[in-house]
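Asks: Output the structure for:
(one chain, ligands or ions: 1)
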Amino acid sequence: MNITYNDEQRRIKVPAAAKKLLREALQAVAELHALPDNTEVDITIVDDKAIHQINKEYRQVDRPTDVLSFAFDESADEEPEIHDNPEAHLLGNIIISAETARRQGQEYGHGFNRELAYLAVHGCLHLLGYDHMQPKEKAVMRAEEEKALQKIQLSQQDLAAAAVDAKTVKKLVRLAKKARENAYTPYSKFKVGAAVLTHSGTTFTGCNVENSSYGLTCCAERNAIFNAVGAGAQDLYCLCVLAETKEPVAPCGACRQVMSEFGVEWVIMANTAGATKIVPLADLLPYGFTKQALKKVR
Ligand code: THU
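Replies: Next up, the predicted model:
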């Protein structure tokens, strides 16, 4: 399948890994449906504002949504398809809101990259005629989605390596190491540094700050996160925590909960010797408490 990809938004930096996953997911759909090689799908990534406008204009629905797909109308006159040019057979356009994908990836606990791939699959299945209006057809569509996503199932380690590239890991480790130098630890003498990366690519750092009233101590991770939030950044993606430990240091439970509040998806555990371990926050905090729980039942 030929996939044309356009990113028309600036709010969220779509990692190269997410694009790769999205392409693989669409190829999986193409293979499962034995689509001819010359099949073409256009993907456009937009923000909430843009998808809201399209939703309003074409579906009379006055709100943003996650994905919209428009099948190419074979009967329409303005044919992009030229029959004597067998090179492309346009299936249609898929429009995805990166902002909604980020939010939903966080809510469902599987992250931005995976949500983006899921939405592309969902949109592509619509182009192939699947729908979810009736329970029966919905079940069929869900099963097809699952098949495509199963096909691209990567190992946890592959997924981690793809989600946070080596250059980003290096940068966050360097920043956390530098922040660690400012740790105020007259009591424990255990210095910790942290660096956090937002979805739009900005970084913030923090170190642990202790107090003679021990319980008032604040960890490096939380200080980094609060620095980000204090500067107006709430869309966090990845956090690195670093200490002088034998194994890469694991963040404490309280910090895991605070990471979850602001959408951290990946945690780089590191030590001063240069060892790192990258894990999804969902593995460090399964069944965490989230703001969804605060929604009123009635
Ligand atoms: N500490 C952190 O900064 N992060 C953690 O995740 C665990 C512990 C700090 C708090 C205290 O200053 C010192 O390490 C010893 O507990």
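Asks: got the residues of this structure near the ligand?
Replies: 185, 188, 190, 192, 208, 210, 217, 219-221, 251-252, 255 (CB under 6 Å from any ligand atom). Where you see a C-beta, it was placed from the backbone N, CA and C, and this is true even at glycine.
Asks: Of those, which belong to helices?
Replies: Filtering those for membership in helices, criterion DSSP state H, returns Ala220, Glu221, Cys255.
Asks: quick one: which of those is most hemmed in?
Replies: The most crowded member of these is Ala220, carrying 31 neighbours; neighbours defined as other CB atoms under 10 Å.
Asks: Would you agree that one is in contact with Val196?
Replies: No. If you go by CB atoms under 8 Å, Ala220 and Val196 don't touch, sitting 10.2 Å apart.
Asks: Thr44 falls within a helix, correct?
Replies: No. Using DSSP: H, G, I helix; E, B strand; the rest coil, the secondary structure at Thr44 is strand, not a helix.
Asks: List the residues that contact the residue nearest to Leu285 when sequence neighbours are not counted.
Replies: Closest residue in space to Leu285, ignoring its immediate chain neighbours: Arg256 at 4.3 Å, by CB to CB, 6 or more residues apart in numbering. If you count contacts by CB atoms under 8 Å, 6 or more residues apart in numbering, Arg256 has them with Leu281, Leu284, Leu285, Gly288.
Asks: Tell me who's in contact with the first one.
Replies: Leu281 is in contact with Arg256, Met259, Ser260, Val264, Glu265, Trp266, Val267, counting by CB under 8 Å, 6+ apart.
Asks: Narrow those to those in helices?
Replies: Among these, DSSP H puts Arg256, Met259, Ser260 in helices.
Asks: Buried residues, stretch 199-219. List them.
Replies: Using 16 or more other CB atoms under 10 Å as the test for burial, stretch 199-219 gives His199, Thr203, Phe204, Thr205, Gly206, Cys207, Asn208, Val209, Glu210, Cys218, Cys219.
Asks: Lys13 and the ligand: what is the separation?
Replies: Lys13 sits 27 Å away from the ligand when distances are taken as CB to the nearest ligand atom, to the nearest Å.
Asks: pretty sure that residue contacts Gly201?
Replies: Yes. If you go by CB under 8 Å, Lys13 and Gly201 touch, sitting 5.0 Å apart.
Asks: Now do the spatially most central residue of the chain, the pLDDT please.
Replies: With distances taken as CA atoms, centre = their mean, Phe112 lies nearest the centre of the chain, 1.5 Å away. What the model reports for Phe112 is a pLDDT of 88.
Asks: got the contact list for it?
Replies: Remark: with contacts taken as CB under 8 Å, 6+ apart, Phe112 is in contact with Ile12, Pro15, Ala18, Ala101, Arg102, Gly105, Gln106, His199, Tyr237, Glu265.
Asks: Chain neighbours aside, what residue packs nearest to the fifth one?
Replies: The spatial neighbour of Arg102 that comes closest, neighbours along the chain excluded (CB to CB, 6+ apart), is Phe112 at 5.0 Å.
Asks: got the phi/psi numbers for that neighbour?
Replies: The phi and psi torsions at Phe112 (degrees, to the nearest 10) take the values phi -70, psi -50.
Asks: What distance do you get for it to Ala30?
Replies: Distance of Phe112 to Ala30, given as CB to CB, to the nearest Å: 23 Å.
Asks: and whichever residue of the stretch 51-200 of the chain sits closest to the ligand, how many neighbours?
Replies: Across the stretch 51-200 of the chain, the shortest distance to the ligand (CB to the nearest ligand atom) belongs to Val192, at 3.4 Å. Look at Val192: counted by other CB under 10 Å, it has 26 neighbours.
Asks: Test my guess that it contacts Val249.
Replies: Yes. Look at Val192 against Val249 with CB under 8 Å: they come within range, at 7.1 Å.
Asks: any residues in contact with both of those two?
Replies: Joint contacts of Val192 and Val249 (CB under 8 Å, 6+ apart) are Val241, Leu242, Ala243.
Asks: Can you lay out those as TSV showing neighbour count and pLDDT?
Replies: What follows is these, written out as TSV (neighbours: other CB atoms under 10 Å; pLDDT from 0 to 100):
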residue	neighbour count	pLDDT
Val241	29	98
Leu242	30	98
Ala243	21	98
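Asks: For Ile268, list each beta-bridge partner.
Replies: With beta bridges defined as DSSP bridges, Ile268 has these partners: Cys240, Ile278.
Asks: That one reaches Ala250, doesn't it?
Replies: No. At 11.2 Å, Ile268 does not count as touching Ala250 under the criterion of CB under 8 Å.
Asks: The two - which one has more neighbours?
Replies: Neighbours per residue (other CB under 10 Å) separate Ile268 from Ala250, with Ile268 holding more: 24 against 16.
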